[in-house]
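Asks: when you get a sec, could you give me coordinates for this:
(2 chains)
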Amino acid sequence: MDRPTQRILLVEDDPELGAQVVADLRRAGYEVDWQTRGTSQHEDLGATYALVILDLMLPGLHGLDMLKQLRVHSDLPVLVLSARNETPDKVRALQLGADDYMTKPFWPDELLERVRARLRRPVLARAGRLEVGRLVLELGARKVWLDGREIDVTRVEFALLSLLAKRPGEAFSRAALVAQALDPERDGTERTLDVHVSRLRKKLGGGDMIATVWGIGYRLEER
Amino acid sequence: MSAPTARRGLRLRGRLAVTGLALALPAMAAVVWGRHQYQWRSAQGTLLDVARTRVDNGGRAICDGTVREWPPSPHEMGPRSGGAAFGRLVAYDREGKPLDGVGPPLLPALEAARREGRDSAVASGDFGGRPVIQALLRVPWPDARCTHLAFVRPRPAELPHDPLPVAPLGGAFLVVGLFLTALGPVVRRVRRLTVDVRRSAAGAYLHPVAVEGHDEIAELATAFNGAAAEVRAQIEAQEHREQVLRDFLANTTHDVAIPLTVLQGRLATMRRAQVAGEPVPAELVSHAIEDAHHLGALIHNLGAAAKLEAGEPEIVRAPVDLGGVVRRCVARHQPLSDLLGVDLQAAVPEAPLFTRGDVTLLEEAVGNVIYNAIHYNERGGHVAVVLDPLPPGRFSLAVADDGPGLAPGEAAHLFERAFRGQGARARKPAGRGLGLDIAKRVADTHAITLTAEEPEEGGLRISFVGVLTSP
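Replies: Next up, the predicted model:
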């Protein structure tokens, strides 16, 4: 799903950790530039990079100062890395515009998952249309197409499907779906929700496009 | 002890003496100077009056040089010859020189007054080694030979020569001495208080100092006792914290040492296999990674526990995005769940939910519950983390699993340190239950209700229920 040419700037002073992160990111298909000092930012890095991974305790300019300068010119995502698991650092980083933070120690897979989450492309929602894989939803006309073929859905089924399609790949709790898609005055229970989902699955070809998530509810697969 | 006490006593007295003298001496000097000025101005006025009288009576003849009064006889200018009657008039020309070269020169101050054109002036000085006083008057006769007449006479004995006030100075010293003597009992009480304070400090402030009387020194002693009680309370609190920290470090060292030893053993086994050219068992690698997860969790918990022991203000409260907490905790534990074959999923509402708290502690609490749910589950098991709003103005963050659940009676002890369920003990003998204990303490610190329930379908569901706040 991620564009293989997306470029990431890593600012990390530790040579071994930096080399390891660079290798992990490159293995995952990203281009990586690595700098080992905090430096003043006087230009829009957003023109070059899709994400900055920023350590805080840096030689030269402190990571928080670098973040502050970076935010003057750009709103590209910044993931802060910190060896100090201290709340003031996190609060300050978020206040200065960091999008997320991670504390050391971490596993490479955790870092890659956080990077993917930050670089995930938003759902196309041009002119009231949602496109998720083979599925297209016309929000205003309340119409659904699967592989270009229109599917006849009820009002509740459309509400359910549009909710799931706005955040594909993410699980929704049954309680949240009941509260937002079902009419609380008319049998708004989780059992009713399961019935609606079952009918919707049949109309979508009976596959696992709407997956059941154990202990939670449902999720619309992105494929 | 006695030497420094004496030195401090002397220092106090010395400071009081210096202060007293510093106030008394300028005051005495001002009085003496004023008195001297008053006497001098009176003498000047008297001398001028006498001089004018003399000028009016026979001054013209002296001014014209027909009569001379100078030089006087030696005994007239002696130190005991006081009295205006013994003065002499001397005439001066327009250059300020004695007429016909007779008479004493004008004193410098009178010469200056003459040049300035003043009508009269008085000055004292020496003439021929004797103290004299001169009064200079401009003559009222334009056709006379002289322009000025000076009345010269010995300096009157009543005019003080030395402005240093010996008698008042002695008085000042006497007053200060009496003052310091009167201060003796006060100084002795201050010394006793000093000894008492030192004794109390040496005894870790267990014994209060004696409070004598009802004056300021007594108030000082009372204030010290209050401060000592506060210091004592802080010392006891510090000692308590240190004891708790020592206990915690001892327990944590034990907790860390076991998985670290196991990890070292597994790494050594891998190394032996590698050296022997044998394949490294995948299961061994998985266990080593799991050990590293466990050690990472312990490190985080060590920080959280230290923060909880320190209490406020180490706990930094700010609006916390609970959805972010869930996402970060799930991302942190995803590698472990993948390793152990446990399906970890999460759901958060689209609209962010905020509560007020310490984000580090809240993440530790939620992370510990997730860690346990994964760690004590079985391959193929599930863990679900669900954040939902709960009307009115509350939230529910639940971690459900389909693991071994709890044996009867275990629920009441679930959140106690070092307690683990029967199922957990059977599966993971190295654990100590530290995580849930920290989760409970974090919940209590944030007024969050932490509950455990066993769903009908099995497993365990642990819920955090708290209050929502604005971002």
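Asks: dump the C-alpha coordinates for stretch A:54-70 into CSV.
Replies: Provided in CSV are the C-alpha atoms of stretch A:54-70 (Å, rounded to 0.1, in the frame of the first residue of the first chain):
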residue,chain,number,x,y,z
LEU,A,54,13.4,12.5,15.3
ASP,A,55,15.5,11.6,18.3
LEU,A,56,15.4,14.1,21.2
MET,A,57,18.8,13.9,22.9
LEU,A,58,20.9,15.0,20.0
PRO,A,59,24.3,16.7,19.7
GLY,A,60,23.9,20.2,18.3
LEU,A,61,20.3,21.4,18.3
HIS,A,62,18.0,19.5,20.8
GLY,A,63,15.3,17.5,19.1
LEU,A,64,12.5,19.6,20.5
ASP,A,65,14.2,22.8,19.2
MET,A,66,14.6,21.2,15.8
LEU,A,67,10.9,20.2,15.9
LYS,A,68,9.9,23.7,16.8
GLN,A,69,11.8,25.1,13.8
LEU,A,70,10.6,22.4,11.5
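Asks: and the contacts of that stretch?
Replies: A:11-14, A:36-42, A:45, A:52, A:78-84, A:89, A:92-93, A:96-98 (C-beta atoms under 8 Å, 6 or more residues apart in numbering or on different chains). In short, each C-beta sits where N, CA and C put it, glycine included.
Asks: which ones among those map onto strands?
Replies: A:11, A:52, A:78-82 (DSSP state E).
Asks: need the residue closest to the centroid of chain A.
Replies: residue A:117 (3.6 Å; C-alpha atoms, centre = their mean).
Asks: what packs against the helix or strand hosting it?
Replies: Assigned by DSSP states H and E, residue A:117 belongs to helix A:108-119. On a contact count with 3 or more C-beta pairs under 8 Å, 6 or more residues apart in numbering or on different chains; DSSP states H and E, helix A:108-119 meets helix A:15-27, strand A:51-55, strand A:78-82, strand A:100-103, helix B:322-340.
Asks: so how many other residues sit close to the nearest residue to residue B:333 once chain neighbours are set aside?
Replies: Spatial nearest neighbour of residue B:333, chain neighbours left out: residue B:370 (5.0 Å); criterion: C-beta to C-beta, 6 or more residues apart in numbering or on different chains. Residue B:370 has 26 neighbours, counted by other C-beta atoms under 10 Å in any protein chain shown.
Asks: SS state for residue B:370?
Replies: Per DSSP: H, G, I helix; E, B strand; the rest coil, the secondary structure class of residue B:370 is helix.
Asks: contacting residues around it?
Replies: Residue B:370 neighbours (C-beta under 8 Å, 6+ apart): B:329-330, B:333, B:344, B:383, B:385, B:399.
Asks: make TSV out of these and add pLDDT and neighbour count.
Replies: As requested, these are exported to TSV (pLDDT from 0 to 100; neighbours: other C-beta atoms under 10 Å in any protein chain shown):
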residue	pLDDT	neighbour count
B:329	94	25
B:330	95	21
B:333	93	26
B:344	97	25
B:383	97	28
B:385	98	27
B:399	97	29
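Asks: rewinding a little: quick one: the helix or strand following the helix holding residue A:117 to chain centroid distance?
Replies: Counting by DSSP H and E, the element after helix A:108-119 in chain order, helix or strand, is strand A:129-132. Chain-centre distance of strand A:129-132: 16 Å, with C-alpha atoms, centre = their mean, to the nearest Å.
Asks: also stretch A:161-180?
Replies: The answer for stretch A:161-180 is 15 Å, by C-alpha atoms, centre = their mean.
Asks: helix, strand or coil for the residue of chain A at minimum distance from chain B?
Replies: Nearest residue of chain A to chain B (C-beta to the nearest C-beta) works out as residue A:215 at 2.8 Å. Three-state call for residue A:215 (three-state DSSP): coil.
Asks: need the per-residue pLDDT for it.
Replies: Looking at residue A:215, its pLDDT is 94.
Asks: what's the answer for residue A:16, then?
Replies: Reported pLDDT for residue A:16: 91.
Asks: for residue B:162, give me the pLDDT.
Replies: 49.
Asks: so what's residue 203 up against?
Replies: With no chain named, the answer covers chain A. A:151-153, A:157 are the contacts of residue A:203 under C-beta under 8 Å, 6+ apart.
Asks: meant chain B actually
Replies: Residue B:203 neighbours (C-beta under 8 Å, 6+ apart): none.
Asks: where does pLDDT dip in the chain?
Replies: Using chain A here. A:1-5, A:121-127, A:223 (pLDDT under 70).
Asks: sorry, should have said chain B
Replies: Using pLDDT under 70, chain B drops low at B:1-13, B:15, B:74-86, B:157-169, B:252, B:416-433.
Asks: in it, what residue is nearest chain A?
Replies: residue B:384 (2.8 Å).
Asks: not counting sequence-adjacent ones, nearest residue to that residue?
Replies: Closest to residue B:384 by C-beta to C-beta, 6+ apart is residue A:215, at 2.8 Å.
Asks: can you pull the contacts of the one you found?
Replies: B:345, B:382-384, B:386, B:400-402.
Asks: which strand residues bridge residue A:103?
Replies: Residues in a beta bridge with residue A:103, per DSSP bridges, are residue A:82.
Asks: tell me the domain boundaries of chain B?
Replies: Under the assignment automatic domain parsing, the domains of chain B span B:2-154, B:222-314, B:315-467.
Asks: measure the nearest residue to residue B:99 once chain neighbours are set aside to residue B:62 for me?
Replies: Leaving out its chain neighbours, the residue that sits closest to residue B:99 by C-beta to C-beta, 6+ apart is residue B:91, at 4.0 Å. Counting by C-beta to C-beta, to the nearest Å, the gap from residue B:91 to residue B:62 is 5 Å.
Asks: between these two, who's got more neighbours?
Replies: Taking other C-beta under 10 Å, residue B:91 and residue B:62 do not tie; residue B:91 has more neighbours (28 against 25).
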